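1. pasting the structure only:
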């Protein structure tokens, strides 16, 4: 039988931990974590990862190269308002007469910038709180969990709206507001995962070796959670981009700045739907959707790559297809002349 | 370690100096919801002494408290009551909140699950480097590398350079356990606490690991506390054997004597239940009743009373005290108490 | 069983977990199958009842039971065959028992699947089975978590005996239990065997247990049987170096204390099995020829078979 890939190993000794609270997929702890180079090759070969990465990179490039792609100030009033897409203005003009294409391109900067930064902050913050609570337990855990639960329970959107209304409008406010209200979910996820890792013998062994708590948290426990951290970052960024656009759409951002969210705000303000000027909101909306899609794809791909159970199932399915066998109730008996 | 230190250790071994003195160690765990006052009596009033260079085996079934003892001595959790004296100093008093680095360099531990006691993301070399670095046993990278290779060679993992760069999942169970032993050895400890080190290994590999432990004892004068549920391996490696039941320590003696003349009815039961092919022709029938009692808020008296074939009224009321059968052999059983009217029962 | 071969297909290549195993179990005997991890013993247990799922395949052999080849049966015939003719007890009772059903319901479930009994009769039979294995029939209404480990395993045995099959496979049934409970359960099984007359295929890594409990023992290594003999004969006269090594791995509680060495090396990688005799990398008595030629299982003395070039 032709061997497809020499380097993939199935470790039969896989223990699947019970799904921790808030965790979406079971994580197999004992199985062989892929070496760093294997990670990269697997990532590149995974179709979902490719699609996701391409999308995200594309938009990141657009944001970076905005001055080259759309050289003029996107807030300039350049033509008659609500003009349908034409050769000159390929996305048409807004309800005020601005270039939708230029706006969409430049809007990527704030939207992606705030989105990724929020994702970064709430992942880090959630990790610190969750890991500390899990590792130290006792009083520390009680207090941190209380805070986490309170923040989790407070209705998010009203809180966001209230805070944003008090502070000076703008992307920094939104960044601040999202960061301090949305870390709780991540904290719970990290805490439960870290709790189950803390019970592992290798953590006890580190304690007995005389390791400091800092070392154990950051060099023993956290690296075993790297796939969850990556997934949390992707998910949090997705949330950040969407929430930011949402807040700006509600008018809580600085509406004189250009971002995908404010584009949507103005499109709504100028009754884009009623007038049939679909080009004023579709591009921005589509960009948000595509970036979210890309992030979600990368999330799935990360899951597949790091979760050996899913990998094993995929490989089993492939192997069965090669031999044209189906999953039957009874063990198939395939007698061949060659044993 | 220097030859003179080794010689010192060996000499002291002969003089029977006490290395570990555990007194009235007790551990309760709260159980049930936040409003429940119930407690699991995992360990109740356990006391014993280990002399330098000895291998003391602790035998018990699951739930007997043997793993709890080891974790208390390793200071992975605090006891509810009791004292731990290491080389004469009361460590719970001198370092109440956290074990000192000095304690950690003298008391090390090997765990039961070879797959769980090594961090899957780190190499073998990393695992061994940590204790060497934390306890400042090496100077510079070359010294570190040499030490690591020496440790690997000592535990029989050759070629050392190759093994140092492997990850745990690339090793077999026996090899992982050897790495765990090497890690414990890195700090040059006085005492190694071995929590069922071979029970999860393949049968043909077990003796190799046990023999390694014995060799290290002979070469380095290490004292062992060996936990197991397999009383036969306790006899193989242990100078002394102690028996635990339901959180209590019920008997202690030199291993040979314990096998030959078990005093406590539970020890007798345990020995009769071990498969002994040599005696297959004289198959002994084990007559027992009941199971191990619950450890939650247990009733007073001897925990074995419900199952003991020689139970008396007093057994249900009062926990037996320690009775010396001879200089090396003690038991906690009313059959041997001062008021006992019958002679100690011979094993049936 | 004749020449059974079971393979697992992995991306690294096919793993020949069981490679040409043949043996026969007589009525009323306890046939012990000993081996370590990777020897293939559990695979055999599952293969007999065709419980393995792809990527596991049976690639050769025949398993005759009362003249019928189990490997030729279709799904319908297998359904009738399983549990009625051969039943199985797995290692961890907690995994075999449904935690949300009472013990009674689970036994009755099995009875209903195969026999047409009225509800009352099924209850009676369930109570009878529990009593048979030494559990108070009142526990029919208990859930698995309410029973101790030993009682759970007895309940699993009761389920296995529900249809009085002539052969019961036991795959490491007592490994997870305390040694005292293990002894009690095995005694119980012995009594039941005498009373009901079934045979047992007893699979375990604990050779000393097998010698006490079995009639005949087969030692497996890397998917093959390397030695087969009556229990006492195997114990007093082990021929294969692997068997001798295994015997040298069990400390005893009585008799003189001798140094035990176990066996050097580790079980082989089943994707790339050693050439010739699969044990040769770990054998102290290896000769060049042993690395090239596969030894066949042959009879060395009446009833005593061994697969080794030394004989």
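-> That came in fine, so what should we check first? This one's a predicted model, so the numbers in the text were calculated from it and none came from an experiment. Residues are numbered from 1 along each chain as shown, chains lettered A, B, ... in the order given.

2. tell me what the longest helix along chain A is packed against?
-> Identified as the longest helix of chain A according to DSSP state H is helix A:100-136. Applying 3 or more Cβ pairs under 8 Å, 6 or more residues apart in numbering or on different chains; DSSP states H and E, we find helix A:100-136 packed against helix A:47-64, helix A:66-69, helix A:138-153, helix A:171-181, helix A:184-198, helix A:226-249, helix A:260-269, helix A:282-306. C-beta here means a position set from N, CA and C on the backbone, and glycine is covered the same way.

3. relative to chain B, which of those helices is closest?
-> helix A:226-249 (8.2 Å; Cβ to the nearest Cβ).

4. list the buried ones in the closest one?
-> A:227-249 (16 or more other Cβ atoms under 10 Å in any protein chain shown).

5. angle of that helix against helix A:282-306?
-> Interaxial angle, helix A:226-249 versus helix A:282-306 (axes from the mean of the first three to the mean of the last three Cα atoms, to 10 degrees): 170 degrees.

6. give me the helices and strands touching helix A:226-249, please.
-> The helices and strands touching helix A:226-249, judged by 3+ Cβ pairs under 8 Å, 6+ apart, are helix A:100-136, helix A:156-166, helix A:171-181, helix A:184-198, helix A:260-269, helix A:282-306.

7. could you dump those into a markdown table with mean neighbour count added?
-> What follows is the helices and strands packed on helix A:226-249, written out as a markdown table (neighbours: other Cβ atoms under 10 Å in any protein chain shown):
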| stretch | mean neighbour count |
| --- | --- |
| helix A:100-136 | 23 |
| helix A:156-166 | 14 |
| helix A:171-181 | 20 |
| helix A:184-198 | 23 |
| helix A:260-269 | 24 |
| helix A:282-306 | 20 |
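
8. residue C:170 and residue C:199 touch, don't they?
-> No: look at residue C:170 against residue C:199 with Cβ atoms under 8 Å: they stay out of range, at 10.9 Å.

9. next, the residue nearest to residue C:111 when sequence neighbours are not counted: phi, psi?
-> Excluding its sequence neighbours, the residue lying closest to residue C:111 (Cβ to Cβ, 6 or more residues apart in numbering or on different chains) is residue C:122, at 4.9 Å. Residue C:122 adopts backbone torsions of phi -60, psi -40, taken as degrees, to the nearest 10.

10. where does residue C:122 land on pLDDT?
-> In this model, residue C:122 is scored at 90, pLDDT.

11. repeat that for residue B:104.
-> 94.

12. same thing with the one 4 residues further on?
-> The pLDDT attached to residue B:108 in the predicted structure is 96.

13. how near is it to chain C?
-> Plainly put, residue B:108 is 24 Å away from chain C if you go by Cβ to the nearest Cβ, to the nearest Å.

14. so which of the helices and strands packed on helix A:100-136 is nearest residue B:189?
-> In terms of Cβ to Cβ, the element of the helices and strands packed on helix A:100-136 nearest to residue B:189 is helix A:184-198, at 24.0 Å.

15. does chain B sit close to the closest one?
-> No: residues of helix A:184-198 contacting chain B under Cβ under 8 Å from any Cβ of the partner chain: none, with a closest distance of 9.7 Å.

16. now the angle between helix A:226-249 and that helix, please.
-> 170 degrees.

17. so what does the host helix or strand of residue C:20 touch, helix or strand wise?
-> Element membership for residue C:20, per DSSP states H and E: strand C:13-21. Contact analysis of strand C:13-21 by 3+ Cβ pairs under 8 Å, 6+ apart lists strand C:2-10, helix C:41-48, strand C:56-62, strand C:224-230 as its packing neighbours.
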